[in-house]
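Trainee: structure, please.
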Amino acid sequence: MAYQDITCYDSPNYTPGRGGTQVNVIVIHWWNSPDRNPGFEGAIRTLCNPAVGTSAHCVAEAGRVAWIVNAADTAWHAGDYSVNKRSIGIECNPRMSSADLETIAELIANIRRDYGWRIPLAKHNDFYNTACPGTYAGKLAWLDARAEDIRRGAPASVSPKADPAPTPGKLAEDGILGTGSWKKIQAHLRTPQDGIISDQVADNQEYYPAIMEADPCPAQFGNGDDGSQAIRELQARLKQAQDGILGPATIRAWQANLHQAQDGYLGENTARAIQHALNTKGWMW
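Mentor: Predicted structure coming up:
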């Protein structure tokens with residue numbers, strides 16, 4: 001598999017099972033118009049929001065796929081419940097780079113392998129009056145053929161999120177806060193450097209996708225009674241309540257410190273800003 005398979009997200013916007021209906025179509029979506037500059041984490045966050053009431057089975061872009069509804073369940077994505085029951089919905093990066101297309105083709109190939117046949121592709125607007133899937137409408141034939149090539153054994157050629165190799169001793173500014181990034185953060189905070197964020201609250205994991213997507217994930221979950229020493233030190237420097245729990249208030253304060261948009265979600269952009277600050281000593285406190 002040439003892409004990262006992410007399974008740490010769960011959308012509440014689905015119906016368990018498929019009511020005895022068999023999957024017979026894969027519906028292609030884009031997650032927004034590209035001129036609105038939508039992001040991978042933002043798409044996941046929207047589709048996992050119970051107030052939104054829509055979802056998909058997975059969200060895909062170059063080098064990574066996040067499954068947010070199990071393929072055995074009915075995601076609410078097509079605008080027609082009878083179609084939802086018999087389909088798998090894929091939300092695609094609207095920028096539609098060649099690497100995006102390659103990852104999506106490999107994903108389709110893997111779904112077809114799992115089901116054992118060449119499940120046809122359809123556009124969202126085949127079933128509902130919408131502009132979705134935008135530019136992907138003209139690429140379904142290519143996706144279908146490329147997925148079949150991969151299903152028959154052709155190698156997938158996608159290169160996941162190609163970032164320049166870091167300078168020795170510096171972090172890759174890849175927007176994923178894994179154990180290496182956390183060891184650097186802990187060193188800066190003068191706390192033990194084990195790369196672990198201990199005793200966090202599981203309900204907060206939706207607020208830090210850039211941590212949850214790391215492999216291995218540095219976050220460890222418990223009852224939150226003790227929290228993390230590094231997070232407490234971070235909160236002290238940010239002048240926040242020092243409970244050791246990473247949550248939206250702490251993240252907003254950290255984003256303000258880094259001159260980032262203060263949305264309370266530690267996604268790719270905030271993670272890159274943290275890594276850049278670590279590499280350049282650009283800390284504000």
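
Trainee: make it CA atoms for all contacts and neighbour counts henceforth
Mentor: Fine.

Trainee: where exactly do the strands run in this protein?
Mentor: 4-6, 14-15, 25-30, 58-61, 64-67, 74-75, 87-92, 121-123, 197-200, 219-221 (DSSP state E).

Trainee: and those as a markdown table, adding distance to R146?
Mentor: Formatted as a markdown table, the strands of the chain follow (distance: least, Cα to Cα, whole Å):
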| stretch | distance to R146 |
| --- | --- |
| strand 4-6 | 19 |
| strand 14-15 | 29 |
| strand 25-30 | 15 |
| strand 58-61 | 16 |
| strand 64-67 | 17 |
| strand 74-75 | 25 |
| strand 87-92 | 16 |
| strand 121-123 | 12 |
| strand 197-200 | 41 |
| strand 219-221 | 37 |
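
Trainee: OK, contacts around the residue nearest to C58 when sequence neighbours are not counted?
Mentor: Sequence neighbours aside, W67 is the residue nearest to C58 in space, at 4.2 Å (criterion: Cα to Cα, 6 or more residues apart in numbering). Contacts for W67 (Cα atoms under 8 Å, 6 or more residues apart in numbering) come out as D5, I6, T7, C8, Y9, D10, H57, C58, V59.

Trainee: still on that earlier bit, what's the most buried one of the strands of the chain?
Mentor: strand 74-75 (a mean of 30; mean count of other Cα atoms under 10 Å).

Trainee: do I have it right that K184 meets L278?
Mentor: Yes - in this structure, K184 is within contact of L278 by Cα atoms under 8 Å, at 7.1 Å.

Trainee: can you tell me how far the residue lying closest to A60 once chain neighbours are set aside sits from I150?
Mentor: With Cα to Cα, 6+ apart as the criterion, A60 has its nearest non-adjacent residue at 5.0 Å, and that residue is C92. Distance of C92 to I150, computed by Cα to Cα, to the nearest Å: 19 Å.

Trainee: equivalent analysis for A99, please.
Mentor: 15 Å.

Trainee: now D263: closest residue in space that isn't a chain neighbour?
Mentor: D263's closest residue in space is R252 (Cα to Cα, 6+ apart), at 6.3 Å.

Trainee: residues touching that neighbour, list them.
Mentor: Contacts of R252 (Cα under 8 Å, 6+ apart): Q262, D263, G264, Y265.

Trainee: check F221 too.
Mentor: F221 neighbours (Cα under 8 Å, 6+ apart): S198, D199, Q200, V201, A202.

Trainee: now, which of these sits nearest P16?
Mentor: Closest approach to P16 among those (Cα to Cα): A202, at 22.6 Å.

Trainee: look at that closest one and report its pLDDT.
Mentor: Listed pLDDT for A202 reads 86.

Trainee: and for P38?
Mentor: On the pLDDT scale, P38 is placed at 67.

Trainee: touching, the residue nearest to A60 and V27? I think so.
Mentor: No - C92 lies out of contact with V27 (Cα under 8 Å); the separation is 10.6 Å.

Trainee: confidence-wise, which helix or strand of the chain is lowest on average?
Mentor: One helix or strand of the chain scores below all others by mean pLDDT, DSSP states H and E: helix 40-47, with a mean of 85.

Trainee: strand 25-30 and that helix, what's the angle between them?
Mentor: For helix 40-47 against strand 25-30, the angle by axes from the mean of the first three to the mean of the last three Cα atoms, to 10 degrees is 120 degrees.

Trainee: enumerate every residue touching G42.
Mentor: Taking Cα under 8 Å, 6+ apart as the definition, G42 has no contacts.

Trainee: could you report the separation of it from A249?
Mentor: 18 Å.

Trainee: how about G267?
Mentor: Distance of G267 to A249, computed by Cα to Cα: 15 Å.

Trainee: indicate which one of the strands of the chain is closest to Q235.
Mentor: So among the strands of the chain, strand 197-200 is nearest, using Cα to Cα, at 13.5 Å.
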